[in-house]
Structure formats: C-alpha cells, structure tokens
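Chemist: Structure, please.
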Amino acid sequence: MSKLKRSIISDSWTMFTRCLRISLRNPEAILVATIVPFVLMLLFGTIFGSISAIEEFNYIDFIVPGIILQSIGQASQYSAMNVASDMKTGIIDRFRTLSISKSAVLIGHTFAGVVRSTISTVIIFLTALVLGFRPQGNFWDWCVVAGLLIVVNFTVSLLGVLCGLLSKTVEGASSLMLPLFILPFVSSGFAPVESLNSSIRWFARVQPMTPIIDSIRSLTLDLPLNNNLIIALIWCIGIIIVAYISSLQLYKRKTS
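Modeler: Below is the predicted model of the structure:
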C-alpha cells in the first residue's frame, strides 16, 4: 500500500473517531438515533396500523422499509449539521494547517453518519419484531438486505455531508435534508403505489425511494424481487458518485 493511501486511511480514521466523539457528547444526536426510530415504529405500527388495510399484508410487515428510510434520512441530518458547524466555527482552518488529506474530513463525517443510521435501523427492526413483524426471508436474503442498507446509509450520509457544505448555517443544513424524510411518504413506503392519487403515482414510481423500499420488503417477506434491487443499486451508486465529487470540489473551493 502506498504512503498516500496509508495517509488517507489514517486521516479518515482520525476524523471518523472525532465525529463519533462529537455525537456521543451530543445527547440530542443520541436521542434521534435511538428514541425517535422507536417512536416512529410504535406510532405507525399501532395507531395507523389499526386504521390501514393492505391486502395480503400485515401492516407492520409492509411499513418497516419505509420507516427505516425515514429514520436514515432523519439521522443523517446530523451529518449535515456537523459539517456546517465545522465550516462555520473555523475548525477547518485549523485542519488546513495540519498535514491532513482534504477528503479525510468528508469521509470521517460520512462514516460517522453511517454508524448513527445503522443504530436507528437496528432499533426499528427490534421494535417491529416486538410489534408483530414476522420476516420470512432466508439467511442469504438478510445478507443482501444488510448490504443494501449499508449502501443506502452511505448514500444518504454522503448527501448529508453535501448539504452541510452547501448550507451557510447549521439550521439551514438540517432543512436541506427535510426532503429525505418526506420522500418515503410519496413512495411505496406506506401504501401501494397503485393506490396513490394519479397525480403523484408517476413520481412515486420513478423516485429512488420506491425501488429501495420494494427491494427490502421483497427480501424480508420472501416476495418476487423483480428488477427492484438493480434499480435501487443504480440509484445509490449514481448518487454516491455525484455527491462525493460535488462535496470534494465544494470543500476544496471553500477551503482554498
């Protein structure tokens, strides 16, 4: 391994541990990563589950993927807010005086966001099991689900980093992430796409949340996967490439 690669990995690990320590010192971030997913699952699974009917589905089984994506979007707000805070408080200027890879700062924030989102995802699965979620996928299906969720967490966390760089304030960074909390509602997350109003049905079919949700649902409930997984991965990989290049260029421009 070249010296440059070792330096990037070492610097990224340092930035990653720094971001985790910041999260641990922030009770609100811990609350969002633990309590909020539990409340969301409890709310939709009990109150709305009693008034909703999905043919051939237990409503708890149906909504788990949508709740997971909502929770990932909400948890990633802190990636955006932490990046915006770093840019505003001047800590980046201190980093510039050190021999640190520029990409390491972004990578550290991204992977810290993945950890927060993963915690939220695990809590949702555990809460859903208590409320009656009965997955039917086999071991390999769950391996694919885990891999897909890691890719999704990485994608959304990187979008949070980009939003943090785009925003001029910490509050603005949080607001830029709001669409990721709303998009699952306009997808197959809480109702079949066919049951949605015709004016939003087309959007629900083409937006990235729907193939991701359908893939998770199919794998956990042993349903036909069709081409949803391929479409979901194409969306994620495309967003990762665009978000990473945009974030790196924007970061270099702001710190030059």
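
Chemist: Can you list the helices and strands that the top helix by length along the chain packs against?
Modeler: If you go by DSSP state H, the chain has its longest helix at helix 102-131. For helix 102-131, the elements it packs on are helix 3-24, helix 27-42, helix 59-75, helix 77-89, helix 139-166, helix 228-255, judged by 3 or more C-beta pairs under 8 Å, 6 or more residues apart in numbering; DSSP states H and E. Glycine gets a C-beta too; all of them are placed from N, C-alpha and C.

Chemist: Show me which residues of that helix are buried.
Modeler: Using 16 or more other C-beta atoms under 10 Å as the test for burial, helix 102-131 gives 102-121, 123-125, 127-128, 131.

Chemist: which helices and strands does the one helix or strand residue 220 maps to pack with?
Modeler: Using DSSP states H and E, residue 220 falls within helix 209-221. Counting contacts by 3+ C-beta pairs under 8 Å, 6+ apart, helix 209-221 packs against helix 59-75, helix 139-166, helix 228-255.

Chemist: Direction-wise, compare it with helix 59-75 and give the angle.
Modeler: 130 degrees (axes from the mean of the first three to the mean of the last three C-alpha atoms, to 10 degrees).

Chemist: what's the offset of helix 209-221 from the middle of its chain?
Modeler: 15 Å (C-alpha atoms, centre = their mean, to the nearest Å).

Chemist: Identify all contacting residues around it.
Modeler: 57, 61-62, 64-66, 68-69, 135-137, 141-142, 144-145, 148-149, 152, 183-184, 186-189, 193, 204, 223-226, 228-229, 231-232, 235-236 (C-beta atoms under 8 Å, 6 or more residues apart in numbering).

Chemist: Quick one: mean pLDDT for that helix?
Modeler: For helix 209-221, mean pLDDT rounds to 93.

Chemist: So for the closest residue to residue 244 other than its chain neighbours, what's the pLDDT?
Modeler: Among residues not flanking residue 244 along the chain, residue 158 sits closest, at 6.0 Å (C-beta to C-beta, 6 or more residues apart in numbering). Residue 158 carries a pLDDT value of 93.

Chemist: Pull the number of nearby residues for residue 158.
Modeler: 28 (other C-beta atoms under 10 Å).

Chemist: All further residue positions should be reported with the first residue as 555.
Modeler: Sure, I'll start counting at 555 from here, so that last one is residue 712.

Chemist: Would you agree it is in contact with residue 664?
Modeler: Yes - using C-beta atoms under 8 Å, residue 712 is in contact with residue 664, at 5.1 Å.

Chemist: Once you drop chain neighbours, what's closest to residue 677?
Modeler: The shortest distance from residue 677 to any non-neighbouring residue, by C-beta to C-beta, 6+ apart, is to residue 591 (4.6 Å).

Chemist: which stretches of the protein have low pLDDT?
Modeler: Within the chain, the segments meeting pLDDT under 70 span 555-561, 581, 583-584, 586-587, 601-610, 650-652.

Chemist: Now do the end-to-end distance for stretch 721-735.
Modeler: From its first residue to its last, stretch 721-735 covers 18 Å (C-alpha to C-alpha, to the nearest Å).

Chemist: next one: stretch 766-783
Modeler: Stretch 766-783 has an end-to-end distance of 7 Å (criterion: C-alpha to C-alpha).
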